[in-house]
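Student: below are the sequence and a predicted model; questions follow.
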Amino acid sequence: MHSLKAVLDLLLAGTDRSLRIAADPVHFPRSYSKPADQELAALIAAFLAYGRVDLFRPVLREVFALLDRRGGPEDAIRSFQPELHGDAYRHLVYRWNRGVDFVLLFTVLREHLRDQPSLSPLFAGPTVRQGLSRAVDRLRATSVKHAKECGLSAASFRELPRGFQYFLPSPDDGSACKRWNLFLRWMVRPTDGIDLGLWKEFSPAQLVIPLDTHIGRIGRFLGLTTRNTDSWDTAEDITASLRKLDPSDPLRYDFAIAHLGISGACNGKFQAAVCPKCPLERWCVVRNRQVG
Ligand code: SF4
C-alpha cells in the first residue's frame, strides 16, 4: 500500500498549477512584479478569499484596478488619504464587506507601513499563533484610532463595521484564521510557482494550514485530524499530522488538497466516476467505506 506521503505526492504532481492558479486568489499578487505590491495585493486578496471564487474575484479585480490607477497597491496605500481617495471605494460590496471597510483597511495599512518597507515585522513572534495574535491586536488598535478619519465613530474594535471586523480575526478568539494563514503561506513558503517566498526571515516549518471546508473535510477523510470543528486547534492538528510527512514544509500539499475540493472534483461524497481515479483513494475513508 502506498504511504500517505506517496499519495499526497501523486496528488501534487497531478495538480495543474497554472490552471488552478487562474482560479485561486494568489493569481492577484502574482500579477505584480514589485515585492511590496505583491505583499499588499496578497493581504487584500486573502482578506476577500471567502465564499465563492467567482463572486469575490470581480470585486478584487475592481479593487486592484482602483489601486493601479494610483500607481499600484504600495504607492496607493502609502499615500492613502480617506477624504481624498476614499470615495472611489465606497460603492464596493462583497457579502458583508462594504466600501468603508476598504477605506479603513488602507488607512490602517498606511499607518503600519510608515518608515517600514514591509508588514513582516508586525508578525514576528516565537510561533505563528503568537505573532499573529500580536499583529491582530495592533491592527485592531490602529483601526479604532483612525476610525474617525474614515468617517466612523467607534470606541472599541467591536463597534467598527462588521465587515471590517471580519478582516481581522484572531487565533485568541478560537478562529481558524484561514485567510491570515493563507496570506502567511503566500509570504513565507518559497517560490514554487504558487507561493511568493517574500518573507525569508520566517520559516515554512512554522506555518499553520489555512483551514477551510475543503481542507477540513479531506483532512478528516485522510485521518489528518479527528476533530470536527473548523477551529484554530483543528488547523494546528492537521498541520501537526502533515509536519510528520515533511517537517521542514508541512504546507507543501495545502494547495493541491484545497484545489481537489475547490475544483469540484471532491464533493465530500463517494462518486463512482471520480473516487477510483483519485490519487487519495487508498487513504480516503469515504472511498474505503464504499469498497468495504
Ligand atoms: S476518494 Fe473521493 S471522496 Fe475521497 S478524497 Fe478522493 S474524490 Fe474525495
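Tutor: It's in.
Student: how about the residues of the protein by the ligand?
Tutor: If contacts are counted using CB under 6 Å from any ligand atom, the residues of the chain sitting beside the ligand are 218, 221, 265, 266, 274, 275, 278, 280, 281, 284, 286, 287. From N, CA and C alone the C-beta is placed, and that goes for glycine too.
Student: narrow those to those that are buried.
Tutor: Members of the residues of the chain next to the ligand that pass the buried threshold by neighbour count (16 or more other CB atoms under 10 Å) are listed as 218, 221, 266, 274, 275, 278, 280, 281, 284, 286, 287.
Student: so which of the residues you listed are in helices?
Tutor: The members of those that map onto helices under DSSP state H are 218, 221, 286, 287.
Student: turn these into JSON lines, including pLDDT.
Tutor: As requested, those are exported to JSON lines (pLDDT from 0 to 100):
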{"residue": "218", "pLDDT": "97"}
{"residue": "221", "pLDDT": "96"}
{"residue": "286", "pLDDT": "83"}
{"residue": "287", "pLDDT": "73"}
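Student: how many neighbours does the residue of the stretch 51-200 of the chain found nearest the ligand have?
Tutor: Distances between the stretch 51-200 of the chain and the ligand by CB to the nearest ligand atom are smallest at residue 53, namely 19.0 Å. Burial measure for residue 53: 13 neighbouring residues, criterion other CB atoms under 10 Å.
Student: now it. Nearest residue, chain neighbours left out?
Tutor: Spatial nearest neighbour of residue 53, chain neighbours left out: residue 23 (5.9 Å); criterion: CB to CB, 6 or more residues apart in numbering.
Student: quick one, helices of the stretch 51-200 of the chain?
Tutor: Along the stretch 51-200 of the chain, the stretches classed as helices by DSSP state H, counting those that start in this stretch are 53-68, 73-78, 82-85, 99-112, 128-145, 162-167, 178-188.
Student: ranking those by burial, who's on top?
Tutor: The highest mean neighbour count among the helices of the stretch 51-200 of the chain belongs to helix 178-188 (a mean of 25), with neighbours defined as mean count of other CB atoms under 10 Å.
Student: and it, what's its mean pLDDT?
Tutor: The predicted model assigns helix 178-188 a mean pLDDT of 98.
Student: please save the CA atoms from that helix in PDB.
Tutor: What follows is the C-alpha trace of helix 178-188 in PDB, where atoms were taken according to Å, rounded to 0.1, in the frame of the first residue of the first chain:
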ATOM      1  CA  LYS A 178      -7.900  30.700   7.300                       C
ATOM      2  CA  ARG A 179      -7.300  34.000   5.400                       C
ATOM      3  CA  TRP A 180      -4.400  35.000   7.700                       C
ATOM      4  CA  ASN A 181      -2.800  31.600   7.300                       C
ATOM      5  CA  LEU A 182      -3.300  31.800   3.500                       C
ATOM      6  CA  PHE A 183      -1.600  35.200   3.400                       C
ATOM      7  CA  LEU A 184       1.300  33.900   5.600                       C
ATOM      8  CA  ARG A 185       1.700  30.800   3.400                       C
ATOM      9  CA  TRP A 186       2.000  33.000   0.300                       C
ATOM     10  CA  MET A 187       4.500  35.200   2.000                       C
ATOM     11  CA  VAL A 188       6.700  32.600   3.700                       C
END
